[in-house]
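Peer 1: This is a predicted model, with the sequence first.
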Amino acid sequence: MSEEVKSYVELKNINKYYGDYHASRNVSFGIEKGKLVALLGPSGSGKTTILRMIAGLENPDDGEIIIDGQVVNDIHASKRGIGFVFQNYALFRYMTVYENIAFGLRVQKWDNAKIDARVKELVSLIGLDGLDKRYPSQLSGGQRQRVAFARALAPNPHLLLLDEPFAAIDAKVRQELRSWLKSMIEKLGITSIFVTHDQDEAVEVADEIIITNQGRVEQKGTPVEIYRDPQTSFTAQFFGQTFFVENYHDFKSFDTVEGTTNAILRPEFLKLTKKNEEKKYTVTIAEGIVQSVDFRGSNFEITVKYKDNIFIAKRTLDEPPVEVGEEVDIFVYRLLVLDGDKVHLLKNRALNEESVVI
Amino acid sequence: MKTKKRKTKNDRVIPGFGLSLGITLTILSFVVLIPLATLVIFTAGMSFPEVIKTITKPRVLASFEVSFLTAFIASVINTVMGIILAWVLVRYDFPFKRLMDGMIELPFALPTAVAGISLTALTSNNGLVGSFFAKFGIKLAYTRVGITIALVFIGIPFVVRTVQPVLEKLDPSYEEAAGVMGADRFTIFCRVIFPEIWPAAITGFGLAVGRCIGEYGSVVFIAGNQPFETEIAPLIIMSKLQEYDYASATAIALAMLIFSFLILFLVSFFQARNSAMIQGRR
Amino acid sequence: MTEKNESKYVKYLLITISVIFLFFFLVLPLFVVVTEAFKKGVDQYLQAVTDEYTVKAALLTIEATFFAVFINTIFGVFAAWSITKFRFKGKKILTTLIDLPVTVSPIIAGLIYVLTFGRQSILYPLLEKYDIKVVFAVPGIVLATIFVTFPFVSRELIPVLESQGTDEEEAAALMGANGRTIFWKVTFPHIKWAFLYGVVLCATRAMGEFGAVSVLSGHLRGKTNTLPLHVEILFNEFQYMPAFAVSSVLVVMAIILLIIRSVIEYKGKKEEE
């Protein structure tokens, strides 16, 4: 609980309704100063609502929002010390890049020399030197995003909020912009929260991820934590490629959890070996028949049938190839056992001594 | 409730809600609400049998007939011509097309009284057009035909301006698809294009009828205002007002209001159903 | 290709029908106005146009048009702002009420105002006490003109503001800009052309309004007579030439406003791109 104490942004039991629609259900979490946090969830999961409530663009019906130790529920958005980057940037269409960035400063009545210095500084920070006389319509998607970023940063906010910052950008540029934004935010050391529905984006960019679903917070943690130790079935399935198996009791060398039969697996949890291949672990949990082998660019995706279960596994191109109909050994490192909405992580007993790094 | 407590002054981030809604409602009250309320109060003071008696007087009924009939015929003409005009303006290129497009707005812009007197001069027995028809013993001005002509003039823009945008947005690949399948131009129009534009045409028709029934300025000169023959309902209201017979004027006005709201309601119902259908199609 | 030919015939046929229709219904009436106006020569024409009562009627028309544009512009901007930038209950009713005046026959509009401000109104004693005359006086004419052109500005602004969304305003508000700054710096550039378009539309209709004004005017020459009403009086007095001369002034004004309107529409579309 010591983490709660040093939270820079904290939400306590937030509830928000739009008419009958319950957009936020008892949302509580804290965010440390300087962290870059992703709010990750499918569309309609309430992530944008949370972000807009932190910004002060929406008000919670119930609960408290605390920024830097101060309850901000009744503080106007403009007094919360935040910068906000809108999903489609909301650049002022009829102002130049320069005027867009300067807007917040003019409103705060900075003197012209200081505004000029600050805008110039930001324009070169975002690498758009020489383009400051352009209008937003004359910029590419990526450039617009940078301008929106600079505009939000201009008045030196303590907290930066970004709503789906990469959604409106071509896939090609997106990758580049992600790393740019991450390094930029790290350089500035500003506490930032961004909303995304793209798990890869969250994993790549964020220090911490908060997973939302149906207005609730499902889990909060570093990307690795969430990946390795999902707490709910939703989180377990939301990340990476997953598949279900039934009757995991059949698998050798696994404990069982009372009252559970199904489990979630990821291809990475599996190791397939040919009958004649050298194995790291002598035990196998089962033997299965290869159903299909598909080339996936950097590896082969192989489906294997064992009883009623279909397993999905990967093999590299360097390993000896397997063929459809071949009998192979299946080794499973770990299982995510489904217990209602909860998930229990079970490790293969054979791994007892080793600590597995995936 | 706890939820109420949190709703404080910063409920809305964008400023100016109170001020702008305040000004909006104030002006709305003076211009629309108070006069409308007075109408309601005044109506409430009238006796229902009296109202019925007023609006069922033969002369009043005849005026309704004239108004509705001419409005209907004029709007039918305008629907047909409106579709043709919209088609010509969207699909074809020819000299002075932009001028023609701009001219469509003329009936909106031209004061109705001016339209009224010039159409009267044009169609009277010694007018440019009227004299031609007079040779065959056909009278235009001061007949129901004259009223219809004035209403056609007034109603020109309605159907054109509702159909035009629909035609513009119509994806030509529909027609091409039908053409590839061997349909001839006429079939394509009837089966592919017409179903797309007719809801807009009906909307335009409804709006035109609504406008035509209430029209006064352009009609009053050309009508001749012969009781039972060419006397329109708005004119009866006008003459009742000049006799300070407010009760009768209001009774007739109410009947007309109900009718125009009915048309409006039908149009919006039709639009809603149609847009639901189009969205459902996706 | 036969199909090409066939559609060519159809094309020329339809264009011809359109041209004939518009010629008879739109061009000829204008032509008649001009020929009738100049029937007795330029001198007579000028005399009719500069007649004392014509000038007074023109001034009253300008006055009523000015007030209608002024009030409806203020109303239109604030109404559009509140309807498009905020969520609140009763929005639908509000928009319906705003559109109501144009769906009502002008004669009925006039009637409603007579009932509201006339002798039998409950407001009448109050008006009399302060010596305010509305019916058969200039205020009535102005009110009627405002009424019949009521939604013209707001109707142009609402769709534009609707499609623009609220992001830019929210962004500006987040940075602490006040309402005035947001409106003038952020919102207004978006609606500039729609705004001008609405104003011109409003002016066009206000200038030509006949029915509602006719009910409320009382037709006092030189006092409560607008140009369209003056046309009516002259025509009914069989002074055809002067009636058409005054009409020609209105036609010129209407055409000028139409041209301005097309220019605005064109510029707005161009800026969009």
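Peer 2: Ah, there it is.

Peer 1: Any stretches of chain A with poor pLDDT?
Peer 2: Per-residue confidence of chain A (counting by pLDDT under 70) places the weak regions at A:1-5, A:352-358.

Peer 1: Report the central residue of it.
Peer 2: Central residue of chain A (C-alpha atoms, centre = their mean): A:Ala202, 2.7 Å from the mean position.

Peer 1: what sits against that residue?
Peer 2: For A:Ala202, the contact set (C-beta atoms under 8 Å, 6 or more residues apart in numbering or on different chains) comprises A:Ala38, A:Leu40, A:Thr196, A:Ile209, A:Pro223. C-beta coordinates here come from the backbone N, C-alpha and C atoms, glycine included.

Peer 1: Could you list which of those belong to strands?
Peer 2: A:Ala38, A:Leu40, A:Thr196, A:Ile209 (DSSP state E).

Peer 1: so which pair among those is furthest apart in space?
Peer 2: Taking C-beta to C-beta as the measure, these span a maximum distance of 9.3 Å, between A:Thr196 and A:Ile209.

Peer 1: any common contacting residues for these two?
Peer 2: Shared contacts of A:Thr196 and A:Ile209, counting by C-beta under 8 Å, 6+ apart, come down to A:Ala38, A:Leu40, A:Ala202.

Peer 1: still on that earlier bit, can you redo the ones in strands among the contacts of A:Ala202 as CSV with neighbour count?
Peer 2: What follows is the ones in strands among the contacts of A:Ala202, written out as CSV (neighbours: other C-beta atoms under 10 Å in any protein chain shown):
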residue, neighbour count
A:Ala38, 26
A:Leu40, 29
A:Thr196, 22
A:Ile209, 27
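
Peer 1: And the residue of the stretch 151-273 of chain C closest to chain B?
Peer 2: Taking C-beta to the nearest C-beta as the measure, the point where the stretch 151-273 of chain C comes nearest chain B is C:Gly208, at 3.0 Å.

Peer 1: Can you tell me how far the spatially closest residue to that residue that is not a sequence neighbour is from C:Val249?
Peer 2: In space, not counting the residues next to it along the chain, C:Gly208 is nearest to B:Pro111; the distance is 3.0 Å by C-beta to C-beta, 6 or more residues apart in numbering or on different chains. Computed as C-beta to C-beta, to the nearest Å, the B:Pro111 to C:Val249 distance reads 10 Å.

Peer 1: related to what we said a few turns ago, looking at the ones in strands among the contacts of A:Ala202, which is nearest C:Phe38?
Peer 2: For these, the closest approach to C:Phe38 (C-beta to C-beta) belongs to A:Thr196, at 72.9 Å.

Peer 1: wait, what's in contact with that closest one?
Peer 2: Contacts for A:Thr196 were tallied using C-beta under 8 Å, 6+ apart; they are A:Ala38, A:Leu39, A:Leu40, A:Lys47, A:Glu164, A:Pro165, A:Phe166, A:Ala167, A:Ala202.

Peer 1: what does B:Ile27 give?
Peer 2: Taking C-beta under 8 Å, 6+ apart as the definition, contacts of B:Ile27 comprise C:Ile71, C:Ile74, C:Phe75, C:Phe78.

Peer 1: Please compute how far the helix or strand encompassing the last one lies from its chain's middle.
Peer 2: By that I understand C:Phe78. Taking DSSP states H and E as the definition, one finds C:Phe78 inside helix C:52-85. Using C-alpha atoms, centre = their mean, to the nearest Å, the mean C-alpha position of helix C:52-85 is found 8 Å from that of the whole chain.

Peer 1: Let's see the helix or strand following it as PDB, backbone CA atoms only.
Peer 2: Next helix or strand after helix C:52-85 toward the C-terminus (DSSP H and E): helix C:91-103. The C-alpha coordinates for helix C:91-103 follow below in PDB (Å, rounded to 0.1, in the frame of the first residue of the first chain):
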ATOM      1  CA  LYS C  91     -32.700  20.200 -27.200                       C
ATOM      2  CA  LYS C  92     -35.100  18.600 -29.700                       C
ATOM      3  CA  ILE C  93     -38.000  20.700 -28.500                       C
ATOM      4  CA  LEU C  94     -35.800  23.800 -28.800                       C
ATOM      5  CA  THR C  95     -34.800  23.100 -32.400                       C
ATOM      6  CA  THR C  96     -38.400  22.400 -33.300                       C
ATOM      7  CA  LEU C  97     -39.500  25.700 -31.800                       C
ATOM      8  CA  ILE C  98     -36.800  27.500 -33.700                       C
ATOM      9  CA  ASP C  99     -37.900  26.100 -37.000                       C
ATOM     10  CA  LEU C 100     -41.600  26.700 -36.200                       C
ATOM     11  CA  PRO C 101     -42.000  30.200 -37.600                       C
ATOM     12  CA  VAL C 102     -41.100  29.300 -41.200                       C
ATOM     13  CA  THR C 103     -43.600  26.500 -41.200                       C
END
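
Peer 1: Next up, identify which helix or strand the residue lying farthest from the centre of chain A is on.
Peer 2: Taking C-alpha atoms, centre = their mean, the residue of chain A most remote from its mean C-alpha position is A:Asn276, at 40.9 Å. Remark: A:Asn276 resides in no helix or strand, with elements defined by DSSP H and E.

Peer 1: Distance check, it against B:Ser118.
Peer 2: In this structure, A:Asn276 and B:Ser118 are separated by 102 Å, where distance is defined by C-beta to C-beta.

Peer 1: same thing with B:Leu39?
Peer 2: In this view, B:Leu39 and B:Ser118 are 34 Å apart by C-beta to C-beta.

Peer 1: just A:Thr96 next, same as before
Peer 2: Shown here: A:Thr96 relative to B:Ser118, a distance of 52 Å by C-beta to C-beta.

Peer 1: Please identify which of the two sits among more neighbours.
Peer 2: When A:Thr96 and B:Ser118 are compared for neighbours, B:Ser118 comes out ahead with 31 against 17, by other C-beta atoms under 10 Å in any protein chain shown.

Peer 1: can you count the residues close to the closest residue to that one other than its chain neighbours?
Peer 2: Once flanking residues are discounted, B:Ser118 sits nearest to C:Pro29: 4.2 Å by C-beta to C-beta, 6+ apart. Burial measure for C:Pro29: 30 neighbouring residues, criterion other C-beta under 10 Å.

Peer 1: who touches whichever residue of the stretch 251-358 of chain A sits closest to chain B in this structure?
Peer 2: The stretch 251-358 of chain A approaches chain B most closely through A:Asp341 (27.2 Å), counting by C-beta to the nearest C-beta. Residues in contact with A:Asp341 (C-beta under 8 Å, 6+ apart) are A:Thr232, A:Ser233, A:Phe234.

Peer 1: Dig out what the first one forms beta bridges with.
Peer 2: Legend: beta-bridge partners of A:Thr232 under DSSP bridges are A:Lys342.

Peer 1: And stretch B:170-180, what's buried?
Peer 2: By neighbour count, and taking 16 or more other C-beta atoms under 10 Å in any protein chain shown as the criterion, the buried residues in stretch B:170-180 are B:Leu170, B:Glu175, B:Ala178, B:Gly179.

Peer 1: picking up where we left off before, close enough to count as contact, the residue of the stretch 151-273 of chain C closest to chain B and C:Ser247?
Peer 2: No - counting by C-beta atoms under 8 Å, C:Gly208 does not reach C:Ser247; the two are 10.6 Å apart.

Peer 1: what's the nearest residue to whatever residue of the stretch 1-150 of chain C ends up closest to chain B if we skip its chain neighbours?
Peer 2: With C-beta to the nearest C-beta as the measure, the residue in the stretch 1-150 of chain C that lies nearest chain B is C:Ser105; the distance is 2.6 Å. Of all residues not flanking C:Ser105 in the chain, B:Gly214 sits nearest, at 2.6 Å (C-beta to C-beta, 6+ apart).
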